[in-house]
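Enquirer: how would this look folded up:
(chains A and B)
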Amino acid sequence: MNWRNTKLIFKREMCDQWRDRRTVFTIVVMPLILYPLMGMALLQTAQLMQREPARVWLVGIDTPADQPPLVQGHQFVPQYLPGDMDEYLKLELASVDEQRLHPIRQYLTAPPDEASSGSLHADMQSFMREHRCDLLVTRLPNSDDSGTSFRLFVNSSSDRSSVAAGQVTQILERWKGDVVSHRLRQMDPEALTFRSVQIATVELSSADRRKVVLWAKLLPFIVLVWALTGAFYPAIDVCAGEKERGTLETLISSPARRTEIVAGKLLTVATFSITTAILNLASMTVTGFLVIAQLARSADSSLAVDLGLPPLTTIPWLIIGLIPISALFGALALALAAFARSTKEGQYYLIPMLMSLMPLMMLSMLPSAKLDIGTSVIPVTGMLLLLRHLILCEYGIAIQYVGPVVAVTLVCCWLALRWAVYQFNNESVLFRSSEQFGVGRWLRHVVRDRGLTPTLGEALLCGVIILVIKFFMGMSGQMPESFGAFSKQVAITQIATIALPAILLAMFLTRRPAQTLKLAMPRFPVLPACMLLAILLHPAIMLLSQLVLYVYPPSTSLEQVERAITMILNSAPSPWLIVLVIAVIPAVCEELAFRGFILTGCQSMRGKWTPIVLSALFFGAAHGIFQQSILASIVGIVLGIIAVQTKSLLPCIVFHATHNALPVLMTSLPTHAVEDSYMRFVLEVSHGSVQYTLLATIIFPLCGAALLVWLWKNGSTSETSARAFLPIPQGAPAKS
Amino acid sequence: MIHVRHLRKSYPDLQNGQQLAVDDISFDAMPGEIFGLLGPNGAGKTTVLRILSTVLHPTGGTASVNGFDVVQQAEQVRRQIGFVSTNTAIYDRMTGWEMVEFFGLLYGISIDVLHQRMERLFERFQMNSLRDLLGSCMSTGMKQKVSIARAMIHDPPVLIFDEATSGLDILAAREVLATVEQLRDQGKCILFSSHIMSEVQRICDRLAIMHHGQILAHGTLEQLKHAFGDVELEDLFFDLISDRITTTTYAANEELSR
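Expert: Have a look, this model is predicted:
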C-alpha cells in the first residue's frame, strides 16, 4: 500500500468537503447554534410544562408513638423526601371517620380481598375524580395486629397518579427502613425479621383502560414520527432531485405559477407523509399483534406483553390529525429541500429538521404533559395531546382546546408554506451553483460587499448571536447577593450580550452604522409623546401581564427568583438607582440591538409589519422567561411601530425606559401620597400594593391607542429631516 | 417581437463581490427571423435567455416579449415562449407522450386540441417510437426532440433555443437545426444561442457576439464581416473576444450603428 497516495486522497477529500459550505455549516456552525437555541426553547417550554402537584390523600395515617413520624404538618417528613418532591406532592390529611369519606369508608377499612372486588373500582374512582385526588393512601392495622399495612389506591391510567404512587412508595420504603433502624437501636430482636409494615397497591383502573391510555399516548407519537420521515424523502426528490435532473427549469418556465408549483408538490409530499404513517402504523400493529400472540404461545411467556389491539376510534382521529401535521411537515421539508442543490445535500438538512421537531414531539410524552391553554399553543405538541384525548373519547376536554390547537397548526402550516413559496421565488436558491467556500474568503466578502444597512440574514444572525450568548451567560450566572452586585451583573449582561454584538456587527457589516442603529434626532414632540404613550399603555400591559400569569402560572422556582430580585431591589439606596439599572441601561442596550440592528436589517423585507413582528419576536425570545417573552413581544411590536415611523432610536429608548421605570416608581410611592392626592383617580392601594384604578385601566389605553395612531401619522420623519447624531460617510458606494 | 434595452444582471460572488453577468445589453429580434447569440462559455448568453423566459429577474433595464414585460407580466410572457435549453431536461419517469401532454395541460390547452397537436408534432418529428419510452431510456437526441415538442406544444410565437445542439451527435444536431429553420419559415421569432460558429453562420439571420456580459457587435453576418474588414466569422469572433482590437471594435460599432 502506498501511503503517499492515501495521504493525497485524504488531503483532496478533506479539501473538497471543507470547500462545501453546507458541510462546514452542518459540522461546525450548526452544533454551535442549534443546541443553545434548543436549550433555550426547552427552558421556555419547561415553563409551560409545569408539573401540577399530585394530590395525595392520607387517610388515618397517624403514626404510633414508638415509630418515627411520617408526616409533619402538611408534608412528609423531609428526610424521607427524595430531591424536591415536596413541590410535587400536595397532601391532604383525613381521618377515616370523616363525613366526606363516608361513601368509600367500607373500602378503606375492609381487608384486601374484599376491597379489591365488587364495586370498589367504580366507587373509588368516582370519589377520587370528584375530590380531584390522584392517590389515596390508607393505613390499616394488620389483621394479626403485629404492625400496619399501607394501601395505595392508584389509577395507573393517569400519569400523575402512577408517578405519585411510585414516589409515595419510595417515601414509605425509606420510612420503613427508618423504623427498622429505630428498632435496632432499641435492641429489638425482631427488627431483622421485621415485616409488619406492608405496602400494597390497589389498582383502580381496568387493564383495558390502561391499554387504551398507553395506545393513546404511543400511537400519535409514532404516527407523527413516521409522518415526518415520510415527508422528507419525497420533498428532497421533488425539489433537490428535480434540480439535479434539470427538470425544475423546464417546470418554472411553464405558465404554472410558483405558488401552484409549490402547492402541487406539497400535496404530493403530504400524501406520501400520510401514506407512510398509515402503512407503517398498520404493518406495525399487525406484526406486533402476531408476534405477541406467538410469544404468548411459546414456553417463555414472560416475553409477551399483552398490549392488545388499539381501539378502533384511534384510526379516524389519527387520520384527521395527520392531515394538517403532514401538511406542516411537508411544507417545512419542501422549503428546506428547495434550498438543497442535490439530493445528497438534501439529506444534510434532515438532521436539523428532526432535531428541531423531535423535542416538540417528545414534550407530549413527558408524564407531566397535559393539554391546557399553554400546551395547546405549542405547535405539534398541542396536536399530539389533543389526539390523545380524542382517542380516549374525552371529548369534553378536547373540545375546549381544539380551537387553539387547530389555529396554531394552521398558522404554522401557512407560515411554512409561505417559506416554501419564498424559496421557490428566490433565484439564488433555485440557481445556486457550487461555489468555492473558505472562511477567510467569506469574511472578506462580508466586509468588502457590505451594504449601507444590514441584510435580513445579518439581522437574523445578530438575533441568534444575542440569544446564544445570552443563553450561556444566563447558565453561568448566579443570583447576586447585593444591589451593587446585581447592578453590575445587569450592566455587564446588557452591554456584553446585547449592545456590543449589535454595535460591532453594525460597524463591520454595514457602511452606515449610525443609520443602521437609527441614531437620528426625531422631531421634538415625538419624545414627550413616547413617554406619555408608555404611561398611557402601561395599565393595559399590566392587565395583560395578569392575564398571562393567569394562563401560564409561574413555577415555584420562578417565584423564588422573583422574590430574591425584589429583596435585592428593596435594598437599593434609591429608587432612581433602580430606574437606572432596570430601566435606562436595558432600554439603551436592547433598543440598539432589537430596534437598531435587527429591525433595520429586517426592514430590507417588503412591508412594515413583517419586520416589526420579527424584531418583536427576537426581543421576546431574548427575555428567556416564557411569561415575560409574551409580554415583551407585545411591547416589542409597539416599539417597532415607533422605530419604523420615527426612524429614530431615541423615542424607543424613551418609551422603553419609561415602561420599565413605571412599576419601580409605583412601588416606591408612599401609600398616603397615593390616597391623598389627585393620583387617587389613577392609582389605588390594594392588598398593600399600588395598582391602577379601573378608570385608568379603561381610559388610559384608549388615549394611548389614539396617541399611537397620531404617532403613526405624524411621527414619520423623512430621511433628510431626521438629524443624524453621527455624520453619515459621504460617497459610500451603495450595495446593488 | 423581442425588445431588450440596457439589460443588466449581477450576482453576488464570494471571490469578486458583485459580478455582472449581463452588462447593459440591448437588441431586438423580429418575427420570421433567427437571432443568434454567439459567445464563448460564460459570456452571459444563458442569463439573457433565462431573463427572457422569466426564470431570472433582471437587475436593471427592460425586456419585453410580444409586447409583454418580462418582470411585470411574467405569466403572459411564459405563454408566448417555448424554451429549450441544456438545463430544461425531461422527466426520467415519464414517457415522451406523457411529458408533452403534461406541459400542454399546464398551458391550459383542451385535451382534444392537445391530442390533435401532439399527433401532428409526433408525426412531424418522427417521435412515434418515443411515445411509450421513458425519459430515462432515451438518448440525448431523443430527449432533445421531446424537449422541442414540449416547447412547441402551445404554438408560441417566440422560441428560445439555448445551446440546443450541445451534446448531440452530428445527425441529431442537423435535425434540430432543420427544425429551427422550419420554424423560422413559419414566421416564428427565434432566439438561438450557441458557441458553435458554423451553426450560427448557417441558420442565423442576424447575430450578436457576446463576451463578458456585453454585446461586442451585432448585425447581419454580411454587415459584421463588412464592418470588420471582410474577415471570416471565426477570425472576427476571435479578434473581438481577445481584446486585441478594442479600438477597431468601437469604430466598427459606430459604423454598424449608422
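
Enquirer: list phi and psi for residue B:68.
Expert: Dihedral pair for residue B:68: phi -100, psi 140, per degrees, to the nearest 10.

Enquirer: need the contact list for residue A:470.
Expert: The contact partners of residue A:470, by CB atoms under 8 Å, 6 or more residues apart in numbering or on different chains, come to A:493, A:497-498, A:622, A:624. For glycine as for every other residue, the C-beta is placed from the backbone atoms N, C-alpha and C.

Enquirer: which SSE is it in?
Expert: Here residue A:470, judged by DSSP states H and E, is contained in helix A:456-476.

Enquirer: and residue A:446, by the same measure?
Expert: Here residue A:446 sits within helix A:439-448, counting by DSSP H and E.

Enquirer: close to chain B, is that helix?
Expert: Yes: where contact is defined by CB under 8 Å from any CB of the partner chain, part of helix A:439-448 touches chain B, namely A:441-442, A:445, A:448.

Enquirer: report pLDDT for residue A:190.
Expert: Per-residue pLDDT puts residue A:190 at 61.

Enquirer: and residue B:11, how many neighbours?
Expert: Under the neighbour criterion other CB atoms under 10 Å in any protein chain shown, residue B:11 is assigned a count of 17.

Enquirer: apologies, that question was intended for residue B:231.
Expert: Taking other CB under 10 Å as the criterion, the count of residues near residue B:231 is 15.

Enquirer: ok, residue A:102 next?
Expert: Look at residue A:102: counted by other CB under 10 Å, it has 10 neighbours.

Enquirer: and it, which of the three is it?
Expert: Secondary structure assignment for residue A:102 (DSSP: H, G, I helix; E, B strand; the rest coil): helix.

Enquirer: ok, what's across the strand from residue B:62?
Expert: In this structure, residue B:62 bridges to residue B:5 when assessed by DSSP bridges.

Enquirer: thought it was touching residue B:24?
Expert: No: the criterion here is CB atoms under 8 Å, and residue B:62 misses it with residue B:24 at 12.0 Å.

Enquirer: name the nearest residue to the closest residue to chain B within chain A, sequence neighbours excluded.
Expert: When CB to the nearest CB is the measure, chain A has its nearest residue to chain B at residue A:246, with 3.3 Å between them. On the basis of CB to CB, 6 or more residues apart in numbering or on different chains, the spatially nearest residue to residue A:246 that is not a chain neighbour turns out to be residue B:89, at 3.3 Å.

Enquirer: how many neighbours does the one you found have?
Expert: Applying other CB under 10 Å, we find 19 residues neighbouring residue B:89.

Enquirer: what residues are shared contacts of residue B:62 and residue B:24?
Expert: Between them, residue B:62 and residue B:24 have B:6-7 as joint contacts when contacts are counted by CB under 8 Å, 6+ apart.

Enquirer: pull the helix or strand with minimum mean pLDDT from the chain.
Expert: Since no chain was named, I'll use chain A. Within chain A, judged by mean pLDDT, DSSP states H and E, the helix or strand with the poorest mean is strand A:723-724; its value is a mean of 48.

Enquirer: could you do chain B instead?
Expert: One helix or strand of chain B scores below all others by mean pLDDT, DSSP H and E: helix B:246-257, with a mean of 56.

Enquirer: can you give me the strands in chain B?
Expert: B:2-13, B:17-29, B:34-38, B:60-65, B:68-69, B:81-85, B:158-162, B:189-194, B:206-211, B:214-220 (DSSP state E).

Enquirer: do the same with the stretch 551-700 of chain A
Expert: For the stretch 551-700 of chain A, the strands defined by DSSP state E, counting those that start in this stretch cover A:683-686, A:689-692.

Enquirer: ok, the closest residue to chain A within the stretch 51-200 of chain B - contacts?
Expert: When distances are taken as CB to the nearest CB, the stretch 51-200 of chain B approaches chain A most closely through residue B:89, which lies 3.3 Å from it. Residue B:89 is in contact with A:245-247, A:249-250, B:143, B:147, counting by CB under 8 Å, 6+ apart.

Enquirer: tell me the most packed of the residues you listed, by neighbour count.
Expert: Going by other CB under 10 Å, residue B:147 tops those with 25 neighbours.

Enquirer: could you check the pLDDT of it?
Expert: Residue B:147 is assigned 91 on the pLDDT scale.

Enquirer: repeat for residue A:187
Expert: According to the prediction, residue A:187 has pLDDT 69.

Enquirer: what does the stretch 251-400 of chain A have sitting close to chain B?
Expert: Proximity of the stretch 251-400 of chain A to chain B, by CB under 8 Å from any CB, involves residues A:252-257.

Enquirer: put the alpha carbons of the helix holding residue A:470 into PDB.
Expert: Coordinates of each C-alpha in helix A:456-476 appear next as PDB, following Å, rounded to 0.1, in the frame of the first residue of the first chain:
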ATOM      1  CA  LEU A 456     -32.200  40.200   6.600                       C
ATOM      2  CA  GLY A 457     -29.700  37.400   7.000                       C
ATOM      3  CA  GLU A 458     -27.400  39.600   9.000                       C
ATOM      4  CA  ALA A 459     -30.300  40.800  11.200                       C
ATOM      5  CA  LEU A 460     -31.200  37.100  11.900                       C
ATOM      6  CA  LEU A 461     -27.600  36.400  12.600                       C
ATOM      7  CA  CYS A 462     -27.400  39.200  15.200                       C
ATOM      8  CA  GLY A 463     -30.600  37.900  16.800                       C
ATOM      9  CA  VAL A 464     -29.200  34.300  17.000                       C
ATOM     10  CA  ILE A 465     -25.800  35.600  18.300                       C
ATOM     11  CA  ILE A 466     -27.600  37.500  21.100                       C
ATOM     12  CA  LEU A 467     -29.800  34.500  22.000                       C
ATOM     13  CA  VAL A 468     -26.800  32.100  22.100                       C
ATOM     14  CA  ILE A 469     -24.500  34.500  24.200                       C
ATOM     15  CA  LYS A 470     -27.400  35.300  26.500                       C
ATOM     16  CA  PHE A 471     -28.100  31.500  27.000                       C
ATOM     17  CA  PHE A 472     -24.500  30.800  28.000                       C
ATOM     18  CA  MET A 473     -24.300  33.900  30.200                       C
ATOM     19  CA  GLY A 474     -27.600  33.000  31.800                       C
ATOM     20  CA  MET A 475     -26.500  29.400  32.500                       C
ATOM     21  CA  SER A 476     -23.200  30.600  34.200                       C
END
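
Enquirer: can you list the residues of the stretch 101-250 of chain B near chain A?
Expert: Residues of the stretch 101-250 of chain B lying close to chain A by CB under 8 Å from any CB are B:103, B:106-108, B:147, B:150.
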